[in-house]
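Student: Okay, here's the prediction I keep looking at, along with the sequence it came from:
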Amino acid sequence: MDRDIAIKFDSVSFSYSDTKVLEDASFHIHSGEFVAMVGPNGSGKTTVLKLLFGLEKPDKGTVDICASTAYVSQHMPADNLFPITVRDVVRMGLLHPQKRYSRAAVFAAVEEALEKTGLGGLEAKPYRSLSGGQKRRTLVARALAAKPKLLVLDEPTANMDAKSESRLYDTLGAYKGTTTILIVTHDTEYVTSLTDRVLCLGVGHKVVQHGVEANVHTGHGDEKHSKVLHGENIICC
């Protein structure tokens with residue numbers, strides 16, 4: 001039985017004035033897949049995200065999202081003088097203009113998100129006092145609190161040490177298979193071994209299939225990664 005599709009780009013073309021970014025690009029992501037979108041700075045990753053979230057419209061083709069979506073930005077803006085706790089930040093993920101949650105439901109969702117992201121025991125700490133890795137996992141917990149079907153993370157391991165990176169991927173691994181996960185990164189050589197497929201930008205404007213992944217050690221702690229080789233599971237566009 002075919003799996004449901006969470007994201008679909010169908011013959012998408014897009015340009016900024018005379019600068020072509022995508023031409024007849026087609027790919028799809030199945031529900032429950034863990035996918036990495038890789039490409040150097042300036043390769044079009046941000047444009048793909050803007051098209052994905054409806055912030056830009058394709059010149060041609062269609063973009064469909066068939067799942068509720070949560071987004072974790074690359075940047076972590078925060079007022080260091082604002083006395084907000086980790087629990088408060090995670091609870092923000094349940095703020096919705098068209099949904100109302102009971103107090104019990106909010107408590108349960110926040111507790112589950114804190115536990116699965118390894119933040120248990122830190123819920124009462126000020127957000128501003130956390131390390132960079134803890135802040136990123138707090139934002140992931142905020143995104144996951146509402147149980148989205150699709151989670152998009154932009155440069156999730158930026159400025160993280162190897163231990164923090166490993167803990168983040170442990171967290172994401174707990175959701176693999178039930179939540180569709182799309183990681184966007186400029187690292188064109190390695191992606192986490194959780195990855196099912198890779199979308200590779202910066203090698204042309206059309207989508208072609210020509211690659212697989214092989215698990216190798218990168219030398220960064222004990223975290224296992226995948227290195228891009230030859231085969232069928234890498235889509236370049």
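Tutor: Yes, it's here.

Student: Domain boundaries for the protein, per the record?
Tutor: 1-67+149-237, 76-148 (automatic domain parsing).

Student: least reliable of those going by mean pLDDT?
Tutor: Lowest mean pLDDT of the domains of the chain: domain 1-67+149-237, a mean of 77.

Student: Now do the contacts for the residue lying closest to Gly44 once chain neighbours are set aside.
Tutor: Among residues not flanking Gly44 along the chain, Val21 sits closest, at 4.6 Å (Cβ to Cβ, 6 or more residues apart in numbering). (C-beta placed from N, C-alpha, C; glycine too.) Contact analysis of Val21 by Cβ atoms under 8 Å, 6 or more residues apart in numbering lists Phe14, Ser15, Gly44, Thr47, His205.

Student: Can you say which helix or strand has Val21 in it?
Tutor: For Val21, the enclosing helix or strand under DSSP states H and E is strand 19-30.

Student: now swap in Val90 and tell me
Tutor: Counting by DSSP H and E, Val90 is part of helix 86-91.

Student: neighbouring contacts of the next helix or strand after that helix?
Tutor: With elements assigned by DSSP H and E, the helix or strand that comes after helix 86-91 is helix 103-116. Residues outside helix 103-116 that contact it (Cβ under 8 Å, 6+ apart) are 86-87, 90-91, 93-94, 101, 120, 122-123, 141-142, 144-147, 171, 174-175.

Student: So how do I select the buried members of those residues in ChimeraX?
Tutor: To isolate the buried ones among the contacts of helix 103-116 in ChimeraX, judged by 16 or more other Cβ atoms under 10 Å, type:
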select :86,87,90,91,93,94,101,122,123,141,142,144,145,146,147,171,175
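
Student: and Ser164, that one's in a helix?
Tutor: Yes - counting by DSSP: H, G, I helix; E, B strand; the rest coil, Ser164 is found in a helix.

Student: For the strand holding Val21, C-alpha coordinates in PDB please.
Tutor: C-alpha atoms of strand 19-30 as PDB (Å, rounded to 0.1, in the frame of the first residue of the first chain):
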ATOM      1  CA  THR A  19      17.500  35.100 -11.200                       C
ATOM      2  CA  LYS A  20      16.300  31.500 -11.700                       C
ATOM      3  CA  VAL A  21      16.100  29.500  -8.500                       C
ATOM      4  CA  LEU A  22      14.000  26.400  -9.500                       C
ATOM      5  CA  GLU A  23      13.000  25.100 -12.900                       C
ATOM      6  CA  ASP A  24      10.500  22.300 -13.300                       C
ATOM      7  CA  ALA A  25      11.400  20.900  -9.800                       C
ATOM      8  CA  SER A  26       9.400  17.900  -8.700                       C
ATOM      9  CA  PHE A  27       9.800  15.900  -5.500                       C
ATOM     10  CA  HIS A  28       7.600  14.500  -2.700                       C
ATOM     11  CA  ILE A  29       8.100  13.500   0.900                       C
ATOM     12  CA  HIS A  30       6.100  10.600   2.400                       C
END
